[in-house]
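S.K.: Quick one, structure for this:
(chains A, B, C and D)
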Number of protein chains: 2
Amino acid sequence: MMGHMSLRHAVLGMLADEPGSGYDLLRRFERAMANVWPATQSQLYGELGKLETAGMIHVLAEGPRGRKEYEITEAGRAELRHWLVDVDPGGPPRSAALLRVYFLGSVSPAQARGYVASMGESARAREERLDELEGSIDWGDDNQSLYGRLVLEWGKRFSAMQREWAEWAVKQVE
Amino acid sequence: MMGHMSLRHAVLGMLADEPGSGYDLLRRFERAMANVWPATQSQLYGELGKLETAGMIHVLAEGPRGRKEYEITEAGRAELRHWLVDVDPGGPPRSAALLRVYFLGSVSPAQARGYVASMGESARAREERLDELEGSIDWGDDNQSLYGRLVLEWGKRFSAMQREWAEWAVKQVE
DNA sequence: TATGACATGTAACTAGTTACATGATTCA
DNA sequence: TGAATCATGTAACTAGTTACATGTCATA
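M.R.: Okay, the predicted model is just below:
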């Protein structure tokens, strides 16, 4: 049944938007995807090789310094649509931050409070970053802007939720 | 610097609460941890072996059918506290659900709306499950109850956030 | 001419999943 | 006695990380 392989689909999704090299993709992952689906350079080049072998992308042009610009193929688009529509996305992912909360009984209440407070603080910092980011992008009315805004809004709501939870939780540990 | 290895700490955290066998732990992971840090049987037995070699747990008693009951050692408790207090928990984890939202431009608006709506629906179902769970547990005033309630509350708030976001997002895709 | 950005790739490792394999004990 | 549960373990795989390795091109 082929496992999950979401990196594959992240790459296909980006190339569906526009062609690019591994190097391009790496920067796109760093810029737009860092908080949703981080990927390393190693992984990216490996996946591009596999996708080419599988016929889901092909080399559109070769540039200087060995640059290979990839374009998604019709098979690649079909696989992307299949994943978007037919494959179950699964539940919420592992959370190391929450895992710790379970075990805070192993440290002093003051340390536990400190940990929860720091979760709130990092959520607040993330909220600020996302607000800035939102202001710095000039949103068009294309699909990318539309769905990008949905993701950004999710991040903002998530961060606000976590900050509010932390404020509440700090009081519980007293 | 030893990587993240949160499974190791999840096991230590559970054994810090009370001793148990691999089989016990597996059921505890299924019951209490399924949504925060799922683990497979394979991984669990492997990790128990490594933790024993590392001197962080030891066999307290052997029972029928080869059962080995493990207890955390002082070294194990120290490692757990170290992880809880000193190690940076890192940002929000990968989210396959959100990753898809980025790429919904590749399918029809109706399909995109359907996907977002299904995210809302699964969040609603999770909210209900968590409400039921909360009602079914008789909470004491021990540490486990306290921190368990914090985690449950986080889950409820997360689910509510996702449901509300989805309701909002469905309207945006129109 | 040397620095920094561009550009790709491999090796060795850790983490996690799925499937297989085996056997003991309980109880209907 | 047969099925369910208890109980542990291994093999083969996929996914992801870190470090290493190499070389090109633009420009100050």
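S.K.: switch to C-alpha atoms for all contacts and neighbour counts from now on
M.R.: OK.
S.K.: so where is chain A shaky, pLDDT-wise?
M.R.: A:1-3 (pLDDT under 70).
S.K.: Against chain B, how distant is the residue nearest the centre of it?
M.R.: The centroid of chain A falls nearest to residue A:36 when counting by Cα atoms, centre = their mean (1.5 Å). Separation of residue A:36 from chain B (Cα to the nearest Cα, to the nearest Å): 5 Å.
S.K.: Nearest spatial neighbour of that residue, chain-adjacent residues omitted?
M.R.: Using Cα to Cα, 6 or more residues apart in numbering or on different chains and skipping the chain neighbours, the partner closest in space to residue A:36 is residue B:94 (5.1 Å).
S.K.: In this structure that neighbour contacts residue A:92, no?
M.R.: No - the criterion here is Cα atoms under 8 Å, and residue B:94 misses it with residue A:92 at 9.5 Å.
S.K.: Which parts of the longest helix along chain A count as buried, going by neighbours?
M.R.: Counting residues, the longest helix found in chain A (DSSP state H) is helix A:143-172. For helix A:143-172, the neighbour count (16 or more other Cα atoms under 10 Å in any protein chain shown) marks A:143-163, A:165-170 as buried.
S.K.: chain center to it: distance?
M.R.: 14 Å (Cα atoms, centre = their mean, to the nearest Å).
S.K.: And stretch A:142-152, by the same measure?
M.R.: Using Cα atoms, centre = their mean, the offset of stretch A:142-152 from its chain centre is 14 Å.
S.K.: hmm, it in reach of chain B?
M.R.: Yes - judged by Cα under 8 Å from any Cα of the partner chain, stretch A:142-152 comes into contact with chain B through A:143-144, A:146-148, A:150-151.
S.K.: Can you name the residues of chain A sitting close to DNA strand C?
M.R.: Contact residues, chain A versus DNA strand C (Cα under 7 Å from any atom of the strand): A:3, A:21-24, A:41-42, A:45-46, A:49, A:63-69.
S.K.: which of the residues you listed count as buried?
M.R.: A:21-22, A:45, A:68-69.
S.K.: List phi and psi for the residue of chain A found nearest DNA strand D.
M.R.: Per Cα to the nearest atom of the strand, residue A:5 is where chain A lies closest to DNA strand D, at 3.4 Å. Note on residue A:5: backbone dihedrals following degrees, to the nearest 10 are phi 50, psi 50.
S.K.: what's the answer for residue A:56, then?
M.R.: The phi/psi pair for residue A:56 (degrees, to the nearest 10) is phi -90, psi -20.
S.K.: For the longest helix of chain A, name the packing helices and strands.
M.R.: helix A:109-136, helix B:96-102, helix B:143-172 (3 or more Cα pairs under 8 Å, 6 or more residues apart in numbering or on different chains; DSSP states H and E).
S.K.: Taking helix B:109-136 as reference, get the angle to the last one.
M.R.: An angle of 160 degrees separates the directions of helix B:143-172 and helix B:109-136 when computed by axes from the mean of the first three to the mean of the last three Cα atoms, to 10 degrees.
S.K.: domain parsing for chain A?
M.R.: A:6-86, A:96-172 (automatic domain parsing).
S.K.: what about residue A:52, helix or strand, and which?
M.R.: helix A:41-53 (DSSP states H and E).
S.K.: Quick check: next helix or strand after that helix?
M.R.: Downstream of helix A:41-53, the next assigned helix or strand under DSSP H and E is strand A:57-62.
S.K.: if we can go back for a sec, right, and the helices and strands packed on helix A:143-172 - which one's nearest residue B:29?
M.R.: helix B:143-172 (13.6 Å; Cα to Cα).
S.K.: got the buried residues for stretch A:123-143?
M.R.: Buried, per 16+ other Cα under 10 Å, within stretch A:123-143: A:123-124, A:126-127, A:130, A:134, A:143.
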